[in-house]
Each structure stands twice: as structure tokens, then as C-alpha cells.
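> Okay, structure incoming, though there's no sequence with it:
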Ligand code: PCA
């Protein structure tokens with residue numbers, strides 16, 4: 001039985017996305033006897049949900065962990081809920097789409113709860129010394145979009161697949177680069193970060209806890 005892990009390509013003013021690197025690194029690795037299929041999704045409102053649906057149909061996973069970058073957040077955030085809103089804020093997607101206050105699925109539920117054991121995952125990460133928290137808002141960009149759309153799809157199809165979304169912070173190298181390019185040497189703050197290896201370990205453990213049910 002397979003596990004599906006998705007990351008996102010770089011977007012906005014980010015020249016890399018830790019979620020993409022982790023999805024590539026964990027592709028083919030086993031967790032508790034289950035092989036991870038690590039895939040990278042486009043940051044495009046028109047395409048992402050369909051690509052995720054196609055992945056679920058081909059990989060047929062027991063659990064789906066989608067991940068993306070939330071620059072500025074300290075630590076790992078495990079999202080509790082996806083909401084029925086697309087709004088790109090000040091960051092158009094990679095095809096220059098700029099949805100504002102739109103419904104992802106008009107007429108459908110306001111929100112869907114992640115079906116991963118969100119609180120248990122965060123407890124385990126904290127016990128293991130990995131800074132983490134439950135987040136009650138995945139934003140209104142593609143990360144929320146894929147969480148909401150996939151949960152809605154799994155429910156409609158009556159699929160017994162645990163699904164959730166994990167937001168990742170910048171890597172230290174990325175935070176340093178952004179501070180160098182910005183006003184870091186003039187006294188501005190630097191974005192919080194975690195080493196990629198620790199972020200990768202957090203995703204492994206998210207699957208482990210999910211499989212332990
Ligand atoms: N983060 C964005 C979209 C892609 C990504 O990695 C988000 O938080 O919605």
C-alpha cells in the first residue's frame with residue numbers, strides 16, 4: 001500500500017520550495033512497510049486539484065500528506081481545516097491567475113477537517129523535539145485549495161484515505177538568502193527557519209503516526 005506525499009514548486013518571490021525538495025527526497029522511501037510516492041504539484045489554481053485527483057487515482061494511497069511553504073511561520077504547522085475560498089492575496093499563482101474571494105466549490109461545505117490525526121502528529125513531533133503546532137488556518141492560496149479540494153473529493157468518492165496538509169518554514173539557507181537580498185543588514189528581521197533534514201524527518205513521522213492510526 002502506497003503513501004502519497006506532495007510538495008509544491010517555487011512560487012511568488014521564492015526561488016525554492018522546501019516542500020518540493022522533501023517530496024523528491026522521500027520518493028521511493030518506505031515508512032512502516034509502505035512506499036512513499038513523492039510528487040510535485042504546480043502552483044496553479046486551474047490545475048492543482050485535478051493533478052492531485054489524478055495522483056490519488058493512480059497511486060491509490062492509504063494516506064496523503066500534502067505540503068507547502070509558509071515563509072514567516074516558525075516550525076512545522078499541521079493544518080486542521082481547509083476552507084472553501086480561493087484568494088491569492090498579493091501573490092498571483094504561477095500562471096498569473098489572481099482569484100479574489102471565490103468559492104473553490106460553489107454550494108459545497110464551508111470547510112472540511114483534515115482526516116490525519118492532526119493533534120497526535122503534533123504531539124509526537126513536539127515529543128521528538130521538533131518545533132510544531134496545530135494551525136487553524138491554511139490561508140486561501142493553493143495550499144488551502146489542495147487541502148479543501150482533496151478532502152471534498154475523498155469524501156465524495158467515499159475513499160477511506162487519511163489526508164492532511166503540513167506547512168513548512170523556510171530552510172536556514174533560504175532565510176539567509178532572503179535577508180541578504182532584503183534589509184537584513186539594515187536591521188530588518190530574518191524569517192524563521194528549520195534545516196531541511198529536520199523538516200524531512202517531521203514528514204516521515206507524520207506518516208508514521210498516521211499509519212499507527
Ligand atoms: N505555499 C503556498 C502555495 C504553494 C506553497 O508552497 C500556500 O501556502 O498556499
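On my side now, so go ahead. The model shown is predicted, which means the values in this text are computed figures rather than measured ones.
> packing partners for the lowest-mean-pLDDT helix or strand in the chain?
Scoring the helices and strands of the chain by mean pLDDT, DSSP states H and E places helix 172-181 at the bottom, with a mean of 94. Where contact means 3 or more CB pairs under 8 Å, 6 or more residues apart in numbering; DSSP states H and E, helix 172-181 is not packed against any helix or strand. All C-beta spots, glycine's among them, are computed from the backbone N, C-alpha and C.
> right, and the helix or strand after that helix?
Taking DSSP states H and E as the definition, the helix or strand that follows helix 172-181 towards the C-terminus is helix 196-212.
> So which other helices or strands are in contact with that following helix?
Using 3+ CB pairs under 8 Å, 6+ apart: helix 196-212 touches strand 2-8, helix 18-26, strand 30-31, strand 34-41, strand 61-69, strand 76-79, helix 118-127, strand 162-168.
> Near the closest residue in space to residue 124 that isn't next to it in sequence, how many other residues are there?
Distances taken as CB to CB, 6 or more residues apart in numbering put residue 209 closest to residue 124, at 4.9 Å, once the chain neighbours are dropped. Neighbourhood size, residue 209 [other CB atoms under 10 Å]: 19.
> Residue 73 too?
There are 16 residues near residue 73, going by other CB under 10 Å.
> That one and residue 193 touch, don't they?
No. Between residue 73 and residue 193 there is no contact under CB atoms under 8 Å: 10.1 Å.
> Spit out the residues that contact the two alike.
Jointly contacting residue 73 and residue 193 under the rule CB atoms under 8 Å, 6 or more residues apart in numbering are residue 169.
> center of this protein - which residue?
residue 67 (2.0 Å; CA atoms, centre = their mean).
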